[in-house]
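[1] after the sequence you'll find the predicted model.
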Amino acid sequence: MRKALLPIIIIVATSLLLIRVFYLQVVNDTFKLKSDNNAIKIKYDYPERGYIYDRYGKLLVANQPSYDIMIIPRDLKKIDTTEFCLLLNITKAYFDERMAKAKIYSPRLPSVFLPQLNKLEYAAFQEKIRKFEGFYIQKRSLRDYQVSVGANVFGFITQASEREIEKNPYYNSGDLIGKQGVEESYEITLRGVKGVKYIQKDKFNREIGSYKEGKYDTIAVQGEDINLSISAELQKYGEELMLNKRGGIVAIEPSTGEILSLVTAPSYDPAILVGRQRSKNYTLLYRDSIAKPLYDRGLLAEYPPGSPFKIMTGLVGLQEKVIDVNTTFMCNHGFSYARGRFQGCHCGGGVRDLHVGIYKSCNAYFSNVYLRTIAKYVKPTYAVDVWSNHIKSFGLGKFMGYDLPTGKKGKIPNAKTYKKMYPDWGWSGKTIISNAIGQGEVLMTPIQLANMMAAVANKGYYYTPHIIKKIEGEVIDKKFRTKHITTINRKHFTPMIEGLFDVYNSGTAYALKVEGIDICGKTGTAENFAKIRGVRTKMEDHSIFVAFAPKDNPKIAIAVMIENGGYGAAIAGPIASLMIEKYLRKKITRTDLETRVLNISLQGQYAKLGGLSEVVKLELRKKDSVLKSKIIIPKIKTEPLKQN
């Protein structure tokens, strides 16, 4: 048997090699096609990207024709470079730089020499293209925005980088790819599939027809259209309300998890990232380290949630049975929790139960609840993990899994957190008491706050927030249709919702009521510190507000975060009420609130943090354009710094 083993191995290996050679040479012509590359020209047919619509079918993003000048370095003949550069309004240095890059990429494959010509530039070059052998025009489509809002939602398209080309063989030099927003998340759906044509050339390098009669050619497949879950009207209104402010607004439909509005401020007009000036304008936005218009505060900014977090403290207390709805605590205009330690409160003082504690936002009440929760178990390490797990069941303290390419997970501390913070000595509930009122180590993003309120509105469950509503011919990902159940018993949400309802009826949001709409909400004010010239300085507090409406069968849950906005009912609260009314009624009756919000500018506060960015200066120059009957959003226009 041993003597026969070696011959058997040789025979099998030889057979496999012969079969493979037969397949490659007779059955599959792919390698022959590659070997014939010197006599074949490859042309790509780029499909239109899919259109983007809002939840009601309003067209948001379409396409417009664009033309790229392509170069195959090997085919380049001696040309008049001076005439070429004058015709396209480029420098000789640019010509040499692009030519060098094209040769490095491939002497025989096409690469983009000059992208995104407009119709006039295309017509002028097409007229004289015969004089510039080696160059040809490739038609593509660029985005054509039908709205001037939602830049953070859409993202943009740009040329694929060398790294992306190496990583994904679908892309070639000069191909466009989606970046940020839904353009990135749904790139494969939106881009379609490009077609390929192989053109046979003769020995004089002239095109003589399709290679193998088009056997290897493929047809371009247009990208699929998609419907987003956002309301274009609500998105526009949210961006108008956020003029001259920084922060985020996130609105969610509780019954589905669909994102109704995702506002970040300051923002920009998405159209400025289209065309020849895209790179220049992107650089302007990217280098703005003060206003950060490319930074999506709704998804990325982590803030102390402040008083809205008392909702969580109360629900965990009920679930852990350390309180019931009748449990009371005394508020002496604050809470003394250790020698010389006093936590102030603005509720007015007195005996507080859960209901009053919520609508008057009593710090003392919820601090007591938190201490009881941590003291329930012998070891505070175990207790804080129990508390932490309850909180995380609302989707907090972790990446939420939504269908946008960016985000932060916030922070919900646990025993591990405090073992790191206090390695040399013990700690107790009093050490970490600030967690009770949404300060301390707790951090949340606006979308997490909105999702928290969606779970409360649903009395104990939520769906993963998502921006997609419909893709033609496809089923939405199952994870967006899966219900997530919190660890809090459904019965505990009813008294909490009653308290949140009275925040509007007799509590901290009384002045923000909208007649005929039952809104449940919670004001919040979070302390805010910043380093100014190296010194930790107390700044104006962040203004926070969370809400859902109507009370029964909720249609919208919302979180509003305004940086340096002060008391929760000052700016964030009015914005929440206005957004809710706009969505539910499509009109505004609280015009007094609207006028107040539109006239508020916080740029003076932001100037203390390090001056005003060029983006903000542009907004300030146009502040008088926002007015009573018609609101105009100042947007960054193409090359704005060259104006004035």
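    Good, I have the coordinates.
[2] C-alpha only now, for contacts and for neighbours.
    OK.
[3] pull the longest strand from the protein.
    With residue count as the measure and DSSP state E as the assignment, the chain has strand 535-549 as its longest strand.
[4] what is it packed up against?
    helix 446-457, strand 520-532, strand 556-562, helix 572-585 (3 or more Cα pairs under 8 Å, 6 or more residues apart in numbering; DSSP states H and E).
[5] any idea of the mean pLDDT for the last one?
    Think helix 572-585. The predicted model gives helix 572-585 an average pLDDT of 97.
[6] the helices and strands packed on strand 535-549: which one's closest to residue 476?
    The closest approach between residue 476 and any of those, judged by Cα to Cα, belongs to helix 446-457 at 19.4 Å.
[7] summarise which helices and strands that closest one is packed against.
    Other helices and strands packing on helix 446-457, by 3+ Cα pairs under 8 Å, 6+ apart, are strand 247-253, helix 297-300, strand 461-463, helix 493-505, strand 535-549, strand 556-562.
[8] and those as a markdown table, adding distance to residue 77?
    Compiled in a markdown table, the helices and strands packed on helix 446-457 are given as follows (distance: least, Cα to Cα, whole Å):
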| stretch | distance to residue 77 |
| --- | --- |
| strand 247-253 | 55 |
| helix 297-300 | 51 |
| strand 461-463 | 61 |
| helix 493-505 | 76 |
| strand 535-549 | 64 |
| strand 556-562 | 60 |
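[9] lowest average pLDDT across those?
    When the helices and strands packed on helix 446-457 are compared on average pLDDT, strand 535-549 comes out lowest at a mean of 85.
[10] run the chain-centre distance for the helix or strand where residue 311 lies.
    Element membership of residue 311, judged by DSSP states H and E, is helix 310-319. Distance, stretch centre to chain centre, for helix 310-319: 30 Å (Cα atoms, centre = their mean, to the nearest Å).
[11] also stretch 207-225?
    Between the mean C-alpha location of stretch 207-225 and the chain-wide mean there is a distance of 36 Å, by Cα atoms, centre = their mean.
[12] right, and residue 305 touches residue 527 too?
    No - checked against Cα atoms under 8 Å, the pair residue 305 and residue 527 is beyond contact range at 9.7 Å.
[13] ok, the two, which is more surrounded?
    residue 305 (30 against 17; other Cα atoms under 10 Å).
[14] show the contacting residues for the closest residue to the more buried one other than its chain neighbours.
    When the adjacent residues along the chain are set aside, residue 305 lies closest to residue 438, with 5.1 Å between them (Cα to Cα, 6 or more residues apart in numbering). With Cα atoms under 8 Å, 6 or more residues apart in numbering as the criterion, the residues that contact residue 438 are 304, 305, 306, 307, 308, 309, 310, 526.
[15] my guess is residue 149 meets residue 266, correct?
    No - judged on Cα under 8 Å, residue 149 makes no contact with residue 266 at a distance of 11.2 Å.
[16] name the helices or strands packed onto the helix holding residue 311?
    Using 3+ Cα pairs under 8 Å, 6+ apart as the contact definition, the elements that helix 310-319 packs against are helix 354-359, helix 363-375, helix 380-392, helix 493-505.
[17] quick check: angle from it to helix 446-457?
    Angle, helix 310-319 to helix 446-457, by axes from the mean of the first three to the mean of the last three Cα atoms, to 10 degrees: 40 degrees.
[18] list the contacts of the following helix or strand past helix 310-319.
    Going down the chain from helix 310-319, the next helix or strand is strand 329-331, by DSSP H and E. Counting by Cα under 8 Å, 6+ apart, strand 329-331 makes contact with 345, 349, 350, 351, 352, 353, 362, 364, 365, 368, all of which sit outside it.
[19] put together a markdown table for the helices and strands packed on helix 446-457, with mean neighbour count on each row.
    Written out in a markdown table, the entries for the helices and strands packed on helix 446-457 read as follows (neighbours: other Cα atoms under 10 Å):
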| stretch | mean neighbour count |
| --- | --- |
| strand 247-253 | 29 |
| helix 297-300 | 25 |
| strand 461-463 | 25 |
| helix 493-505 | 22 |
| strand 535-549 | 23 |
| strand 556-562 | 31 |
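[20] which of these sits closest to residue 482?
    Nearest to residue 482 among these is strand 461-463; the distance by Cα to Cα comes to 6.2 Å.
[21] which strands and helices sit next to that closest one?
    Partner elements for strand 461-463 (3+ Cα pairs under 8 Å, 6+ apart): helix 446-457, strand 483-485.
[22] can I get these in JSON lines with mean pLDDT and distance to residue 194?
    As requested, the helices and strands packed on strand 461-463 are arranged in JSON lines below (pLDDT from 0 to 100; distance: least, Cα to Cα, whole Å):
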{"stretch": "helix 446-457", "mean pLDDT": "97", "distance to residue 194": "36"}
{"stretch": "strand 483-485", "mean pLDDT": "97", "distance to residue 194": "38"}
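[23] okay, those, which one's buried deepest?
    helix 446-457 (a mean of 29; mean count of other Cα atoms under 10 Å).
[24] ok, and what's touching it?
    Under the contact criterion Cα under 8 Å, 6+ apart, helix 446-457 has outside partners 248-254, 257, 297-299, 301-302, 305, 394-396, 400, 461-462, 465, 493, 497, 546-548, 551, 554, 556-561.
[25] what bits of the stretch 301-450 of the chain have low per-residue confidence?
    Scanning the stretch 301-450 of the chain for pLDDT under 70 picks out 337-340.
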